[in-house]
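**Q** starting from these lines, generate the structure:
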Amino acid sequence: MGHPPLEFSDCYLDSPDFRERLKCYEQELERTNKFIKDVIKDGNALISAMRNYSSAVQKFSQTLQSFQFDFIGDTLTDDEINIAESFKEFAELLNEVENERMMMVHNASDLLIKPLENFRKEQIGFTKERKKKFEKDGERFYSLLDRHLHLSSKKKESQLQEVCSKSLFPSSFAGCVL
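**A** Below is the predicted model of the structure:
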């Protein structure tokens, strides 16, 4: 489902429609952030399980590799020789498969999980921080505006300009004109 576009010129009107569209974007950002967190969590769990599985398979492979028949008499039978060789070949095949699996796990971590973590921290986190800062600055601006709107008309113009120029205002309200 697509979202209606946010037009820069609409932010000055601050209409209910603009606020509603903005709210949709904020909800989508939260939903995306949660989805990425779940993907990272589940991906890390899968990678951990694959590493544990790979360790178990490699241990099994070593066990097969080290297997030797104890024999009675002078030599092993043909069947015993074939079984021992089969165990060794199967162990080598398991090692090759596990080496490839570990490369895939490493790539999944480096090419999927880490970039998602960086995107979530750098892009979504940055956007959330900016939103919090804007809301905080807006609250300060509105409280100062409310407090100073109740000044009597006898106050000097310089006091009003001083209030307007204080650094407490967010940069978006810097063009204050009284």
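**Q** tell me the secondary structure at Gly2.
**A** Three-state call for Gly2 (DSSP: H, G, I helix; E, B strand; the rest coil): coil.
**Q** what's the answer for Ile72, then?
**A** Assigned by three-state DSSP, the conformation of Ile72 is coil.
**Q** pull the distance from the helix or strand hosting Ala56 to the chain's centre.
**A** Using DSSP states H and E, Ala56 sits within helix 16-66. In terms of CA atoms, centre = their mean, to the nearest Å, the centre of helix 16-66 is set 9 Å apart from its chain centre.
**Q** what's it packed up against?
**A** With contacts taken as 3 or more CB pairs under 8 Å, 6 or more residues apart in numbering; DSSP states H and E, helix 16-66 sits against helix 8-13, helix 78-108, helix 114-119, helix 125-149. For every residue, glycine as well, the C-beta is placed using N, CA and C.
**Q** next one, pLDDT for Phe60 please.
**A** pLDDT for Phe60: 94.
**Q** ok, back up a step: what angle do the helix holding Ala56 and helix 125-149 make?
**A** When axes from the mean of the first three to the mean of the last three CA atoms, to 10 degrees is applied, the directions of helix 16-66 and helix 125-149 differ by 150 degrees.
**Q** measure Gln123 to Asp10 for me?
**A** Applying CB to CB, to the nearest Å, the value for Gln123 to Asp10 is 23 Å.
**Q** dump the helices and strands packed on helix 16-66 to CSV, plus mean pLDDT.
**A** As requested, the helices and strands packed on helix 16-66 are exported to CSV (pLDDT from 0 to 100):
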stretch, mean pLDDT
helix 8-13, 76
helix 78-108, 92
helix 114-119, 94
helix 125-149, 87
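**Q** out of those, which comes closest to Ile40?
**A** Closest approach to Ile40 among these is made by helix 114-119 (5.6 Å; CB to CB).
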